[in-house]
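J.: Next come a sequence and a model predicted from it.
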Amino acid sequence: MPKKNDAASSSKRKPSSKAIVAEDNHETTETSAVTGRIEEVGKEGAKTEPAAAKKKAPAKKTAAAKKKAPAEKPAAAKEEVPAEKPAAAKEEVPAEKPAAAKEEVPAEKPAAAKEEIPAEKPAAAKKKAPAKKSAAAKEEAPAEKPAAAKEEAPAEKPVTVPEEAPVEGPADAAGTDVPQEAAPAEGHDTSPRRSVAFIGSECYPFVKTGGLGDVMYALPKALVKQNCDVKVILPRYRCIPWEYQQKMIYRGSFQMDLCADGKSFYVGIMEYVWDGVVYDFIDNEEFFGGGDPYTNLIDDIPKYCYFAKAALAALNYMDWIPDIIHCHDWQAALVPVYLRTQFVDTKLTTAKTVMTIHNLRFQGVYNIPTIRYWSGLPDYVFNMGALTVKYRDANMLKGGLTYANIITTVSPSYAGEIQSDYYGETLDAHLRYHSGKLRGIVNGIDYDIWDPDTDSRLYENYNIANVLERKKENKRRLQEELGLVQDEHKFVIGLISRLTNQKGLDLVTSILPQVLDGNTQVVVLGTGDRGYEDTFRYYEQAYKGYVCSNIMYDETRAHRIYAGADALLVPSRFEPCGLTQLIAMHYGTVPIVRETGGLKDTVEPYNRFFNTGNGFTFDRYEPGLLLDAINRAKTFYFENRWCWDEMVQRDMDKNLSWENSARQYKELYLELTR
Ligand code: ADP
Ligand code: GLC
């Protein structure tokens, strides 16, 4: 699993529930245990998990899992699951109470709401180059392939929908005022308004382990500007920093049936509104009380079965019926499955679903009896066309892909790649079958967070006009902070990454000695697999002053490396989109990437004949080709600084904001609900 971040590893404990809850004496509604639909109203003072809930739910979810999960060993699971009796014929879905009994909930306003080193070639005091390309480059770098043509996303199936899907503002079920940190974003867009529920397992700044967290934060904000009402539904992990926990407002709670034997679980809703986006956190100490968002599949499977169902039940409870339910990665993949099975008789059924794949490698696979037990889903979804894989395992992501109205992934190239055996992670045939509803939309970056001109974490701010001077100061201060030889003429290569097999690190570690020529420094920031961590630690010892391995998760350091490095390495084995190369470009740091997935779609290779392009690229997954790309970059940097500087400014000038991508998502939503 991905590494945790500083937020995730925060030592802050969950605050006392009293402090979290703003008001006493909220009215708590009794809801349908299955879908969270409101049945009748009662009074309840306690805002934390009620004693009843604690009593009904098993004391430890792992213990419960071990008791109920059957003996089969899952293909994907890494731990042994103790032998257990099968969850047996639990596929009977409990009948839901009539919708009529729903409480009328007043609509609320939307979220408006150091040693001697060999002398290097002088970088020669080149003049500042203009931001735009000059004709013909004269350097020796070999010609590179022009940016590959983007693949056409296949046409999607037509979707039939009711003429006017309901658009409702969020209902304030608990009757509390929602705290607001910023005024509601104005709709900058004149296209019809749509309401969207984002459901996913992480979101910056509450909890982030990688790019998914960035997207879950930035895309909703960008959609608000595209005239969308957005609610983001997240687990309320204990590791969410106290500064956010204390601002959450209790919205209500109810009991929900989850397992095949109808076990009942507490679902609390804690709300926080920020930048025009409403964040609703699903509260359940049993599932989300652990330290990190992800632990192991034995715990994570029940956790995200619960989360998917609770997210829908919470929407029902709040009587907020979105036009679109947008689900992210396997942790939210059962949402479309629940919606089209246990929630068909609820108002939510009018919603269309979008399932976005951020990383196909993680799918949520476990043996069928365990997932059938925990999800409580009917037997018929466990077939080869939906959740079943290899006849004995259930794949939660595959279920989501089957039941979603539209599948997206985070770049057009990756949308094509995942339909092949090499990149398909065993789901390529399934994705080819559903290719009519699959498309790729590339990610952007949030300019409020990633802007070298305003970034408070930098030693010195800069923009396209003064980057060439001020970047040097960021480099020098970075070298100082990290104990590297301080010399503005050194070529500094950054690597900011989860240290996992996906990221092409075996290529890096195998060529690093050849890269370190006395004029080059390498700065690594990341956590992950022990083998990579130790290898980078070794290189730091072996090349003191020239390699710095920061085996940690540190947002501030990441910002400073983006600003202080000359180039950023992203040699991934596969990369659905990749955000680090985008951030690097925006900070005037030239990316060196492998031509795969989103890297291929966002980094145009340098073309020496036309002096165009944004970075240096290589195609096949081979160490020699990575070394060649780094050497081309170095040659260019040391011998043709004029053109290098132009590329730096060209990269900073490139539009990498979320605006274009958010518009594409909005068009997709409109297509689905027209
Ligand atoms: P992935 O989601 O596959 O990890 P992305 O490139 O999409 O890759 O996103 C990575 C995000 O996580 C970026 O925002 C990057 O800056 C951040 N990041 C990765 N590792 C670290 C780290 N060790 N410290 C701080 N930020 C990190
Ligand atoms: C995943 C991918 C990464 C992508 C991110 C956000 O973690 O590995 O390529 O940028 O999700 O979509």
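T.: That came through fine. Keep in mind the model is a prediction, meaning the values are calculated, not measured. Ligands and ions are numbered 1, 2, ... in the order given.
J.: Domain-wise, how is this protein divided?
T.: 61-156, 199-444+660-673, 467-656 (automatic domain parsing).
J.: Identify the residue of the stretch 151-300 of the chain closest to ligand 2, quick one.
T.: Gly211 (2.7 Å; Cβ to the nearest ligand atom). Backbone N, C-alpha and C define where each C-beta goes, glycine included.
J.: is it true that that residue touches His328?
T.: No - the criterion here is Cβ atoms under 8 Å, and Gly211 misses it with His328 at 10.9 Å.
J.: intersection of neighbour lists for these two?
T.: Taking Cβ atoms under 8 Å, 6 or more residues apart in numbering as the contact rule, Gly211 and His328 both touch His358.
J.: before we move on, the earlier item: reformat the domains of the chain as JSON lines; add distance to Asn461 and mean neighbour count.
T.: Formatted as JSON lines, the domains of the chain follow (distance: least, Cβ to Cβ, whole Å; neighbours: other Cβ atoms under 10 Å):
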{"stretch": "domain 61-156", "distance to Asn461": "17", "mean neighbour count": "14"}
{"stretch": "domain 199-444+660-673", "distance to Asn461": "21", "mean neighbour count": "22"}
{"stretch": "domain 467-656", "distance to Asn461": "7", "mean neighbour count": "21"}
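J.: rank those domains by pLDDT, which is bottom?
T.: Of all these, mean pLDDT reaches its minimum on domain 61-156 (a mean of 37).
J.: How about the residues of this structure by ligand 2?
T.: Contact residues, the chain versus ligand 2 (Cβ under 6 Å from any ligand atom): 210-212, 215, 358-359, 410, 443, 575-579, 598.
J.: if we go to 8 Å?
T.: Residues of the chain lying near ligand 2 by Cβ under 8 Å from any ligand atom: 2, 210-212, 214-215, 329, 356, 358-359, 410-411, 414, 443, 502, 572, 575-579, 597-598.
J.: ok and the residue in the stretch 101-250 of the chain nearest ligand 1?
T.: Closest contact between the stretch 101-250 of the chain and ligand 1, by Cβ to the nearest ligand atom, is at Gly211 (2.2 Å).
J.: Quick one: residues contacting the nearest residue to that residue once chain neighbours are set aside.
T.: Nearest non-adjacent residue to Gly211, counting by Cβ to Cβ, 6 or more residues apart in numbering: Leu579, 4.6 Å away. Going by Cβ under 8 Å, 6+ apart, Leu579 touches Gly211, Asp214, Asn443, Ile445.
J.: which SSE is the residue nearest the centre of the chain in?
T.: Closest residue to the average C-alpha location of the chain: Leu212 at 0.5 Å, with Cα atoms, centre = their mean. Leu212 belongs to helix 211-224 when assigned by DSSP states H and E.
J.: which helices and strands sit right next to that helix?
T.: strand 194-199, strand 228-235, strand 277-283, strand 324-328, helix 659-673 (3 or more Cβ pairs under 8 Å, 6 or more residues apart in numbering; DSSP states H and E).
J.: Show me the contact partners of the first one.
T.: Outside strand 194-199, the residues that touch it by Cβ under 8 Å, 6+ apart are 110, 167-168, 216, 219-220, 223, 227-233, 308, 311, 315, 320-328, 332, 335, 351, 666, 669-670, 673.
J.: can you do 6 Å?
T.: Residues outside strand 194-199 that contact it (Cβ atoms under 6 Å, 6 or more residues apart in numbering): 167, 220, 228-233, 311, 315, 322-327, 332, 335, 669.
J.: What residues does the stretch 301-450 of the chain have near ligand 1?
T.: Residues of the stretch 301-450 of the chain lying near ligand 1 (Cβ under 8 Å from any ligand atom): His358, Asn359, Asn443.
J.: I'd like these laid out as CSV, including secondary structure.
T.: Output for these, formatted as CSV (DSSP: H, G, I helix; E, B strand; the rest coil):
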residue, secondary structure
His358, coil
Asn359, coil
Asn443, coil
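J.: if we can go back for a sec, could you dump the domains of the chain into CSV and include distance to Thr190?
T.: CSV is the format used below for the domains of the chain (distance: least, Cβ to Cβ, whole Å):
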stretch, distance to Thr190
domain 61-156, 17
domain 199-444+660-673, 7
domain 467-656, 21
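J.: right, and those - which one's nearest Asp453?
T.: Minimum separation from Asp453 across the domains of the chain (Cβ to Cβ) falls at domain 467-656, 9.7 Å.
J.: quick one: is the closest one near ligand 1?
T.: Yes - counting by Cβ under 8 Å from any ligand atom, ligand 1 is contacted by domain 467-656 at 496-498, 502-503, 525-527, 550, 552-555, 557-558, 562, 570, 575-583.
J.: So which of those are in strands?
T.: Counted as lying in strands by DSSP state E, out of the residues of domain 467-656 next to ligand 1, are Ile496, Leu525, Asn550, Val570.
J.: wait, the last one sits on Val593?
T.: In other words, Val570. Yes - the criterion here is Cβ atoms under 6 Å, and Val570 meets it with Val593 at 4.5 Å.
J.: intersection of neighbour lists for the two?
T.: Common contact partners of Val570 and Val593 (Cβ under 6 Å, 6+ apart): Gln581, Leu599.
J.: if we can go back for a sec, got the CA positions of the helix holding Leu212 in PDB?
T.: These are the backbone C-alpha positions of helix 211-224, laid out as PDB (Å, rounded to 0.1, in the frame of the first residue of the first chain):
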ATOM      1  CA  GLY A 211      -1.900  11.900  -6.200                       C
ATOM      2  CA  LEU A 212      -5.400  10.600  -5.400                       C
ATOM      3  CA  GLY A 213      -5.400  12.900  -2.400                       C
ATOM      4  CA  ASP A 214      -4.400  15.900  -4.600                       C
ATOM      5  CA  VAL A 215      -7.200  15.200  -7.200                       C
ATOM      6  CA  MET A 216      -9.900  14.700  -4.600                       C
ATOM      7  CA  TYR A 217      -9.100  18.100  -3.300                       C
ATOM      8  CA  ALA A 218      -8.400  20.100  -6.500                       C
ATOM      9  CA  LEU A 219     -11.000  18.700  -8.900                       C
ATOM     10  CA  PRO A 220     -14.100  19.500  -6.700                       C
ATOM     11  CA  LYS A 221     -12.800  23.000  -6.300                       C
ATOM     12  CA  ALA A 222     -12.300  23.400 -10.000                       C
ATOM     13  CA  LEU A 223     -15.800  21.900 -10.600                       C
ATOM     14  CA  VAL A 224     -17.400  24.500  -8.400                       C
END
